[in-house]
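Asker: here is the input, now give the coordinates:
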Amino acid sequence: MSDIEKANSSHQNYSKFNTPASSRIANPGALGLFSFASTTFILSLYNVNARGVAVPNVVVGMACFCGGLAQLLAGMWEFPRGNVFGATAFTSYGAFWMSYATIFIPGSGIITAYGDNVDELHQALGIYLITWFMFTFLLMIGALRRNISFIALLFFLCITFALLAAGIWSDKVNVTKAGGGFGILTAMIAYYCGLSELLVKGESWFGLPMGTIKQERVD
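Answerer: Numbers count the residues shown, from 1 in each chain. Have a look, this model is predicted:
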């Protein structure tokens, strides 16, 4: 066997063992996006004091099981499909909602640990929210070559986290309400993206454009 044939043989063996295995797992994108959208929508309505609701504890169940567990599972299912971006986003935000719900569960002792020191609690929650703003901003950078819908979703989510952090740090209700307003907008975009993922070509009467960004060919 010549050197060229050996090289080709080695390349074929390398490709065989390093090519991602095909997955028969259905697209979990719609599940992850709808779960995120619904939980975000409910909490954002509470943040704008819709229907006079000021205490957000009802969202704990949604945050644990819909925004949390369902979205976490969607992220896990994205891994074998080879979608690193979707896996990272869904798993991370699923963990976010679970951690957020834990804060408001009385048995966790998180809020009671601060006692009467409300200012320290607000400072801690502000740091928590601004950290998720930073993560979302980094995720938005990763989405810049994907599609316009995801860019818009993450852009407005960045604003939402920033305003909620600023509102709780400054103790200004109007800033928190503004964060709730942007949260509602974020949820609507997530619903749109989820519906676009759900409307599979060949199984639906129509589809929704995501604003695909043309990719340059890499040789």
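Asker: contacting residues for the residue nearest in space to the middle of the chain?
Answerer: What sits nearest the mean C-alpha location of the chain, by Cα atoms, centre = their mean, is Tyr93, with 4.3 Å. By Cβ atoms under 8 Å, 6 or more residues apart in numbering, the contact set of Tyr93 is Phe36, Gly67, Gln71. C-beta here means a position set from N, CA and C on the backbone, and glycine is covered the same way.
Asker: before we move on, what about Gly207?
Answerer: Residues near Gly207 by Cβ under 8 Å, 6+ apart: Ser196, Leu199, Lys201.
Asker: check which helix or strand covers Gly181.
Answerer: According to DSSP states H and E, Gly181 maps onto helix 173-198.
Asker: list the helices and strands that helix packs on?
Answerer: Contact analysis of helix 173-198 by 3 or more Cβ pairs under 8 Å, 6 or more residues apart in numbering; DSSP states H and E lists helix 29-47, helix 148-170 as its packing neighbours.
Asker: what comes up buried for the helix or strand just after the first one?
Answerer: Which is helix 29-47. Where DSSP H and E defines the elements, the next helix or strand beyond helix 29-47 is helix 59-64. For helix 59-64, burial by neighbour count (16 or more other Cβ atoms under 10 Å) applies to Val59, Val60, Met62, Ala63, Cys64.
Asker: pLDDT averaged over stretch 189-201 - what is it?
Answerer: Mean pLDDT, computed over stretch 189-201, is 94.
Asker: other residues contacting it?
Answerer: 27, 29-30, 32-34, 36-37, 40-41, 149-150, 152-153, 156, 204, 206-210.
Asker: now the helix holding Gly181 against helix 29-47, angle please.
Answerer: Orientation check (axes from the mean of the first three to the mean of the last three Cα atoms, to 10 degrees): helix 173-198 against helix 29-47 gives 160 degrees.
Asker: so which bits of helix 173-198 are buried?
Answerer: Buried residues in helix 173-198, counting neighbours by 16+ other Cβ under 10 Å, are found at 175-198.
Asker: how far is that helix from where the chain is centred?
Answerer: Computed by Cα atoms, centre = their mean, to the nearest Å, the chain-centroid distance of helix 173-198 equals 12 Å.
Asker: so who does Thr212 touch?
Answerer: Asn147, Ile148.
Asker: show me where the chain dips below the pLDDT cut-off.
Answerer: The model of the chain has pLDDT under 70 over residues 1-23, 216-219.
Asker: cutoff 90 now
Answerer: Low-confidence segments of the chain (pLDDT under 90): 1-25, 54, 145-146, 200-207, 212-219.
Asker: which helices and strands does the helix or strand hosting Gln71 pack with?
Answerer: Counting by DSSP H and E, the element that carries Gln71 is helix 71-78. Secondary-structure packing of helix 71-78 (3+ Cβ pairs under 8 Å, 6+ apart): helix 29-47, helix 84-104.
Asker: show me what counts as buried in the shortest one.
Answerer: Which is helix 29-47. Here helix 29-47 shows 29-47 as buried, counting by 16+ other Cβ under 10 Å.
Asker: ok, now the longest one?
Answerer: Judged by neighbour count using 16+ other Cβ under 10 Å, the buried positions of helix 84-104 are 86-94, 96-98, 100-101, 104.
Asker: between those residues, which is nearest Ala143?
Answerer: When those are compared for distance to Ala143 (Cβ to Cβ), Ala89 comes out closest, at 8.6 Å.
Asker: do I have it right that the closest one meets Ala74?
Answerer: No. Contact between Ala89 and Ala74 fails when scored by Cβ atoms under 8 Å: they sit 9.3 Å apart.
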